[in-house]
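> sharing a sequence plus its predicted fold:
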Amino acid sequence: MKAFLILEDGTVFTGTSIGSTRDMISEIVFNTSMTGYLEVLTDPSYAGQAVVMTYPLIGNYGITPDMESRKAWPDGYIVRELSRMPSNFRCEGTIQDFLKEQDIPGIAGIDTRALTKILREKGTMNGMITTNENYNLDEILPKLKAYTVGDVVSKVTCDEKYVLEGNGPKVALMDFGAKKNIAKSLNERGCEVTIYPAGTKAEEIIAANPDGIMLSNGPGDPETCVSIIEEIKKLYNTDIPIFAICLGHQLMALANGAKTYKLKYGHRGGNHPVKDLSNNRVYISSQNHGYAVDGTSIDPKVAKEAFINVNDGTNEGLAYEGKNIFTVQFHPEACPGPQDSGYLFDRFMDMMKGAK
């Protein structure tokens, strides 16, 4: 069946329908990872977006037991070529069947390189995937321009708190759309991890007397998370060590008076170089974000830049002055991507031990 990807600038790509055949309107973003498509599909940070995979062949090892959350989150999926015959000893099914089961519309057979060039030159834009050959551009384009991602954190967070047992430090993980490997990375280091829904009050977390607090990744515009930012201000005012990733990093910055802004086309993939300013070492990182903290808006008495992006100089991390708090924009837990920066979990472990 034919499918069409229509961008808000009027560009139309024609390909083949994959997954669900329902119409979809979303923000179109691209990911440069060469592997890890299942982890990308199950990353809650993609809620409210449709993902273009720049690597040309997707699905060649099928669906494996590597999901980063309970379901797939992107609104749509866009690929150059979909592997029809996956081959892997861990394969449990095809990506085509997975997309249908998850009710995700997709399109294959389009020039993803040309699409990515458009998004890089013009910036991230909204788009529609449809199987309707009689589509009307005059009706569709105003709908595309009107689309906003909205409040997606409440959609992706857990319904109630739960615990991963451990014999080491007790960590409270705020779930703004957390990937499983964040809790797993802490749990494997012996931590007892209690995962809390995004709307949990700071008083409840403080009353549980955790040894450390983890603020997770998540989707959407950080400035819309007004009530969460108020609770983070209360957490900041304690002496509990805090480590934050991605959206958590942005929310902590906003809680301390810094500003965030939308990047032209974001950072998504497993090949982004970041420099640790404490030792000038460069690490290759896994990233997935469309917003960044404005490094010039940070009060130097509150925090200093700890990491920067080597490609474009944007802020990638903050170390807070006089506090056991550090935050990063990238994903040290990877999945998919390199695990160069996994040492940051060890730094958090040391911080918790030192605070006792």
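Sure thing, it's come through. Numbers count the residues shown, from 1 in each chain.

> per-residue confidence at the residue positioned nearest the centre of the chain?
Nearest to the mean C-alpha position of the chain, by Cα atoms, centre = their mean, lies Ser45 at 3.4 Å. Note on Ser45: pLDDT of 96.

> next up, the contacts around it.
Trp73, Gly177, Lys179, Asn217, Gly218, Pro219, Cys246, Leu247, Asn288, His289 (Cβ atoms under 8 Å, 6 or more residues apart in numbering). For the C-beta atoms, the positions are set from N, CA and C on the backbone; glycine is no exception.

> so where is this structure shaky, pLDDT-wise?
For the chain, applying pLDDT under 70 flags the ranges 356.

> now Leu215, nearest residue through space, not along the chain?
Distance criterion Cβ to Cβ, 6 or more residues apart in numbering; nearest residue to Leu215, sequence neighbours excluded, is Gly248 at 2.8 Å.

> so how far is Ile58 from that neighbour?
Distance, Gly248 to Ile58, using Cβ to Cβ, to the nearest Å: 29 Å.

> next: Leu277.
Distance, Leu277 to Ile58, using Cβ to Cβ: 36 Å.

> equivalent analysis for Glu8, please.
The gap separating Glu8 from Ile58 is 25 Å, by Cβ to Cβ.

> who has more neighbours, those two?
Comparing Glu8 with Ile58 by neighbour count (other Cβ atoms under 10 Å), the higher total belongs to Ile58, at 24 against 21.

> correct me, but Ala172 touches Ser216?
No - assessed by Cβ atoms under 8 Å, Ala172 is found out of contact with Ser216, at 10.9 Å.

> those two - which one has more neighbours?
Under the criterion of other Cβ under 10 Å, the comparison of Ala172 against Ser216 puts Ser216 first, with 27 against 24.

> for that one, which non-adjacent residue is spatially closest?
Ser216's closest residue in space is Ala178 (Cβ to Cβ, 6+ apart), at 3.5 Å.

> how about the contacts made by the one you found?
Ala178 neighbours (Cβ under 8 Å, 6+ apart): Pro44, Ser69, Ile195, Ser216, Asn217, Gly218.

> what's the burial count for the residue nearest to Leu215?
Counted with other Cβ under 10 Å, Gly248 comes out at 29.

> host element of it?
helix 247-255 (DSSP states H and E).

> now that helix, how far from the chain's geometric center?
Its chain's average C-alpha position is 14 Å from that of helix 247-255, according to Cα atoms, centre = their mean, to the nearest Å.

> next, count neighbours for Pro142.
Pro142 has 9 neighbours, counted by other Cβ under 10 Å.

> before I go, just wanted to say thanks for your time.
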